[in-house]
Structure formats: structure tokens, C-alpha cells
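# Turn this into a structure:
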Amino acid sequence: MKKISMKIIALCLCVILAASGITATAFAVNSDGDEAENKETAAETVVAEDEASADISKDETVYVLAGADGSAQKIIVSDWLKNSLGSDTLSDKSELTDIENVKGDESFSASSGGEMIWNAEGGDIYYQGSTEKALPVDMIVTYTLDGEPISASDLVGKSGRVTIRFDYKNKQYETVEIDGKQEKIYVPFAMLSCVILDDDVFTNVTVTNGKLINDGGRTVVIGTAFPGLKENLAISEDKLKIPDYVEISADAKDFKLGNTVTVATNELFNSLNTDKFGSITKLSDSVGQLPNAMAQLLDGSSQLYDGLNELFEKSGDLAAGIDQLADGSENLKSGAESLDSGAEELQAGAEQLSEGLNTLTASNDVLNGGAKQVFDTLLSTANTQLAAAGLEVPTLTVENYGQILDGIIAKSGGNTSEAAKPIVALKSSLDSYNTFYLGLQSYTAGVADAAAGANALKAGTDNLKSGASELSAGASELGRGILDLKNATPALADGISQLRDGSMQLSDGLNEFNEQGIQKLADAIGGNLDGLMTRFRATKDVSLRYKNFAGASEDMDGQVKFIYRTEAVE
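Numbering: from 1, shown residues only. Below is the predicted model of the structure:
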């Protein structure tokens with residue numbers, strides 16, 4: 001029991017504090033009662049929270065080492081001075097004795113005004129000390145066996161129906177005027193208690209104002225109480241029951257009990273923003289809408305469970321699909337590598353083709369110019385021959401020679417006449433060269449087009465090669481990712497199973513919250529909202545003014561929490 005208590009207690013404290021919206025302190029005090037080690041552990045425990053808006057603030061944790069009946073035996077206070085501006089010195093006030101720096105060698109000196117002046121050197125200060133000051137909340141732990149009161153020491157080794165009850169007495173209040181009357185408004189501490197019950201010792205466990213969690217070998221009991229809040233809000237118990245105690249009952253065999261841990265904090269009310277409550281009418285309307293909204297939330301939680309249940313049933317198909325995906329990714333990787341290699345060869349071929357066609361294109365103007373010059377020479381010779389034959393005709397050109405010669409042939413008696421034969425032969429010769437000339441122009445134009453296409457093809461193959469390389473690299477990365485996914489599939493299935501189970505617990509918890517909280521809150525607020533708002537604000541104001549236990553400078557902001565640890569009953 002001694003060996004297992006602290007790790008589990010620290011864990012359950014983190015759970016209940018996180019569930020309540022409070023930043024948790026890891027409280028790990030050895031269960032063997034070693035005071036020196038308890039002191040060291042308490043001193044080294046630091047709360048991780050957002051820094052306060054003030055230049056210097058104090059985060060104070062009060063550790064109460066208590067007897068099995070809850071009575072304080074020793075109080076150790078751990079203080080963290082937050083030096084947000086990096087000042088060389090920090091001024092602080094404290095009622096503690098035996099003060100020591102626990103995270104450095106910075107020292108302090110006492111001023112004439114009773115303040116401590118710490119030589120901070122720009123850093124935070126962590127110190128601890130002791131006090132015998134009365135606590136703001138007393139915790140009383142009582143035990144009964146089969147309905148009869150019994151002391152913790154006499155209960156050791158006994159068997160029967162055991163009840164352990166935690167009562168909390170809030171003594172920290174301010175007198176505030178409400179509706180013309182002076183009333184006590186208590187600092188609204190939330191008491192969060194955690195008890196670990198060994199299943200070999202305790203069975204049939206029940207709790208009032210708490211929840212039970214079982215890990216298969218132990219039952220973790222988490223209880224919540226708000227001592228003084230019922231009086232602050234003045235809500236009748238038949239409309240809204242605000243818990244101020246925690247009671248655990250179980251069948252015990254050879255009774256023994258490890259340490260219990262209780263956290264007291266007023267941070268719950270400090271975080272309320274009463275300025276955003278809006279008008280009374282709007283708030284009343286909002287409260288009236290809570291039951292409907294809660295019903296929708298319950299429907300959603302039920303649908304969540306159904307969906308997760310179906311997801312769990314399909315997780316086998318998911319695993320098979322991931323296996324197929326892994327095989328496919330391997331094929332994709334191989335294909336991408338082949339594509340990359342082929343693209344490289346295509347790129348080289350396209351480059352050669354482009355260079356060859358560009359060389360041919362460079363000769364186009366020479367070929368076309370030479371052919372035109374030959375054509376012009378042939379036409380000039382024909383003009384000379386026609387003139388020598390005594391024929392007066394217009395000068396022959398590439399464009400008109402056919403029409404002029406056809407006219408001469410027709411006047412000479414047609415293609416079959418002896419007189420027209422020289423002209424027919426001349427025209428046939430010019431037609432043959434014209435066919436060659438036009439073909440050459442088409443060829444050179446085609447070469448130019450082909451060269452342009454080859455250049456575009458080369459650019460395309462360059463892009464293809466770049467894309468193929470990226471695809472190959474991406475396919476390799478995808479393959480590695482899918483392999484990681486495949487290896488993580490068993491853990492994924494386990495996670496889905498746990499999430500499904502958790503969603504069922506969420507649904508059950510929401511049902512209870514609806515019955516025990518939302519419905520009662522709606523009924524309670526209905527008729528006295530104005531007065532309730534006044535009391536809420538008064539409670540919030542009193543809570544904000546309670547910033548420390550062992551003293552602080554007047555201009556220093558801060559917060560404080562209390563951690564009670566009862567000794568083991570063995």
C-alpha cells in the first residue's frame with residue numbers, strides 16, 4: 001500500500017483538477033511519513049500556470065500533513081515569486097518561519113517595514129517555510145464500522161461495512177452587505193478529495209458526492225465538495241443540492257488504507273466572468289434554454305458512441321485496407337522509378353531531335369532563295385526565247401507564266417499543232433520546276449514547324465523529367481508514411497476501443513450531470529435570479545480578494561491552493 005499510493009494519487013489529482021478546469025499541482029509525498037523527505041518534495045513541487053498580469057505575483061501552495069482524522073500535524077508552505085519584469089530585487093511579506101530558498105542561492109534581507117527584500121538578479125524566487133497559522137478550511141475524517149463510530153487506529157485489520165466521511169468546515173469569510181443586510185460570504189473553496197482503495201481489501205464501493213474509477217486492481221474515489229457555497233448563494237437544498245462533504249462506503253476485509261489527498265482551491269470562482277452574464281432577462285432566458293441544449297448534447301453523445309462503435313467494428317477492414325494500401329504504394333514507388341528512368345531517356349532523345357531540326361531550319365532561307373533564283377533565271381531565258389521568236393508578250397513571272405503561255409498555245413492552234421509544240425514544251429518545263437519550287441517551300445515550312453514542335457517537345461520532356469523525379473521522391477516518402485501507418489494500425493484499433501469506452505462513460509456522465517445539475521439549476525434559478533446574481537458577484541469578489549495564506553505585499557497579485565495529505569491507516 002505504501003509503495004503504490006503516491007503515483008496513483010498524483011495521477012488522480014491531475015485528473016480531477018483538469019476535469020474541473022484547474023491547473024494541477026503534482027503532489028507526491030512519500031507515504032512512509034518521512035518528514036524530511038516530505039519537506040523536500042513539497043518544496044520542489046511547482047505549479048505550472050500562466051503568469052499573472054501583475055509585475056510581481058506570488059503563487060502559493062500550502063501542504064498540510066494531517067493525521068488519519070484530518071487534523072493538521074504540520075504545515076509546509078511553498079512560495080513562487082514570479083518576476084515578470086526581471087527586476088534585480090523583489091519585495092515580499094511572509095508570516096513563515098524557517099524560510100529557505102529551494103531553487104537557488106539568492107538571499108533576502110529584512111527591511112525596516114518588516115518586508116523581505118530578495119536579491120532576485122532578474123529571476124523568479126522559490127522558497128518554503130513553516131507556519132502554525134490556522135487553516136481556512138478544516139477537514140474532519142470520521143470512520144464507522146457496521147454503523148458504529150470507530151477510530152482509525154482501532155479499525156486496522158477489522159472487517160465489515162466501513163464508511164469513511166470527509167467533512168469540510170469553511171472558516172474563511174468576509175462580512176458583506178447584501179440587500180441591506182450584513183451577511184457572511186465565505187471564500188468559495190472547491191474541495192477535491194482522492195482516495196485509493198485496494199480491491200483485495202474493499203469491495204462494493206459507493207460514494208456520495210463523487211465518482212468511482214476502477215483500473216482492475218484498485219478503485220479510485222474522487223469526491224467534490226463546496227463548503228460554504230450553499231450559505232453564500234442561499235439556495236434551498238430542495239432546489240439545488242450543493243455538496244459540502246464526501247462519504248465513501250465499502251465492504252472491508254482486514255481494513256487498511258493508504259494516504260488520501262485533498263486539494264482546496266478557490267480558482268473555480270476566480271475564473272468566472274460575471275461581467276459577461278448580461279442582463280437578468282437574457283440570463284434567465286439562457287438558463288431556460290439549458291434543458292433543451294442539454295437534451296441535444298445527450299443526443300450527440302449517444303450518436304458519438306454509436307459512431308465509434310461502428311468505427312471499432314470496421315477497424316478490421318481498415319487494417320486490411322491499410323495492408324493493401326502498403327502493397328499499392330510499393331508498386332507505385334517501383335513504377336515511379338521506372339517512369340523517372342524512361343523520362344530521362346525521352347528527354348535525351350527530344351534534345352537530339354530538337355538540335356537536328358534546328359540545324360535544318362537554319363538552311364531554309366538558303367534553299368528557298370536559291371530555288372527562287374533558279375526560277376527567275378528560267379523565266380528570263382523563256383522571255384528571251386519568246387522575243388527571239390517574234391512574240392510580243394508581257395514579261396513572264398512565277399505568278400503569270402502559265403496564263404500567258406496558255407494564251408500563246410491557244411492562238412497557235414492548240415497543244416497538238418506543230419506551231420505550238422515549242423511553247424507547250426517550254427510551259428511543261430516551267431511547270432515541272434514550279435512543282436519542285438512549291439514542294440521545296442512546303443518542305444522548308446514543314447521543317448520550321450517540326451523544329452518548333454521539337455523545341456516544345458524538349459520543353460515538355462524537361463518538365464516530364466522534373467515531374468517524374470518529384471513523383472519518384474514523393475512515392476518513396478508516401479511508402480515510408482504508409483509503412484508507419486501500417487505499423488501503427490494495432491495501436492489505432494486499441495485507441496478506437498478506448499475512445500468508444502470513454503464515449504460511453506461521457507454519455508453516462510452527461511445523463512447524470514443533466515439530472516443532478518442542469519435540471520436542478522434551471523429549477524433553482526427560475527424564481528430568484530436577481531438575488532442569486534448579487535450573491536454570485538459577492539462570492540466572486542470575496543474569492544478574488546483571497547490571494548494568499550502566509551502573507552504578501554499589498555500590491556502583489558497571487559493565488560493560493562491547499563493540499564491535505566492524511567497519514568496511512570495500517
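# was I right about residue 226 contacting residue 192?
No. Assessed by Cβ atoms under 8 Å, residue 226 is found out of contact with residue 192, at 10.3 Å. Quick note: C-beta positions are derived from backbone N, CA and C, even for glycine.
# Looking at the two, which has the bigger crowd around it?
A side-by-side neighbour count of residue 226 and residue 192, using other Cβ atoms under 10 Å, places residue 192 first with 27 against 21.
# gap between that one and residue 562?
11 Å (Cβ to Cβ, to the nearest Å).
# And for residue 158?
Residue 158 is 31 Å from residue 562, by Cβ to Cβ.
# Do you have the strands of the stretch 201-350 of the chain handy? List them.
Per DSSP state E, counting those that start in this stretch, the stretch 201-350 of the chain carries strands over the ranges 202-208, 210-214, 218-225, 245-252, 260-265.
# Give the rounded mean pLDDT of the fourth one.
Right, the one you point to is strand 245-252. Mean per-residue pLDDT for strand 245-252: 97.
# quick revisit: now the common contact residues for residue 192 and residue 562.
Here residue 192 and residue 562 have 263, 264, 265 as joint contacts, going by Cβ atoms under 8 Å, 6 or more residues apart in numbering.
# Please tabulate those residues in a markdown table and include neighbour count as additional columns.
Shown next, in a markdown table, are those (neighbours: other Cβ atoms under 10 Å):
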| residue | neighbour count |
| --- | --- |
| 263 | 23 |
| 264 | 26 |
| 265 | 24 |
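# Distance to residue 206 added to those residues, as CSV?
Listed next are the shared contacts of residue 192 and residue 562 as CSV, based on distance: Cβ to Cβ, whole Å:
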residue, distance to residue 206
263, 22
264, 24
265, 26
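# more crowded one of residue 158 and residue 562?
Counted by other Cβ under 10 Å, residue 158 and residue 562 do not tie: residue 562 has more neighbours, with 23 against 16.
# so the more buried one makes contact with residue 62?
Yes. At 4.5 Å, residue 562 counts as touching residue 62 under the criterion of Cβ under 8 Å.
# what residues do these two have in common as contacts?
135, 549.
# Look up phi and psi at residue 418.
Backbone geometry at residue 418, expressed as degrees, to the nearest 10, gives phi -60, psi -40.
# per-residue pLDDT, it?
76.
# Would you quantify the distance from it to residue 533?
131 Å.
# Residue 432 too?
From residue 432 over to residue 533 (counting by Cβ to Cβ), the distance is 112 Å.
# do the same with residue 137
Counting by Cβ to Cβ, the gap from residue 137 to residue 533 is 26 Å.
# Looking at the two, which is more packed in?
residue 137 (21 against 16).
# Which pLDDT value does the model give the more buried one?
97.
# Just list whatever residues bridge to it.
residue 170 (DSSP bridges).
# Lowest average confidence across helices and strands of the protein, where is it?
In the chain, the helix or strand scored least confidently by mean pLDDT, DSSP states H and E is helix 35-44, which has a mean of 43.
# Could you identify the helix or strand that succeeds it?
strand 56-66 (DSSP states H and E).
# buried sites along stretch 468-481?
Residues of stretch 468-481 classed as buried by neighbour count (16 or more other Cβ atoms under 10 Å): 468, 471, 472, 475, 478, 479.
# Format the CA atom coordinates belonging to it as PDB.
Output of stretch 468-481 as PDB, limited to C-alpha atoms (Å, rounded to 0.1, in the frame of the first residue of the first chain):
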ATOM      1  CA  ALA A 468       8.900  12.200 -62.700                       C
ATOM      2  CA  SER A 469      11.800  12.800 -60.300                       C
ATOM      3  CA  GLU A 470       9.400  14.500 -57.900                       C
ATOM      4  CA  LEU A 471       6.900  11.700 -58.300                       C
ATOM      5  CA  SER A 472       9.600   9.100 -57.600                       C
ATOM      6  CA  ALA A 473      10.700  11.000 -54.400                       C
ATOM      7  CA  GLY A 474       7.100  11.500 -53.300                       C
ATOM      8  CA  ALA A 475       6.200   7.900 -53.900                       C
ATOM      9  CA  SER A 476       9.200   6.900 -51.700                       C
ATOM     10  CA  GLU A 477       8.000   9.200 -49.000                       C
ATOM     11  CA  LEU A 478       4.500   8.000 -49.300                       C
ATOM     12  CA  GLY A 479       5.700   4.400 -49.000                       C
ATOM     13  CA  ARG A 480       7.500   5.200 -45.800                       C
ATOM     14  CA  GLY A 481       4.500   7.000 -44.300                       C
END
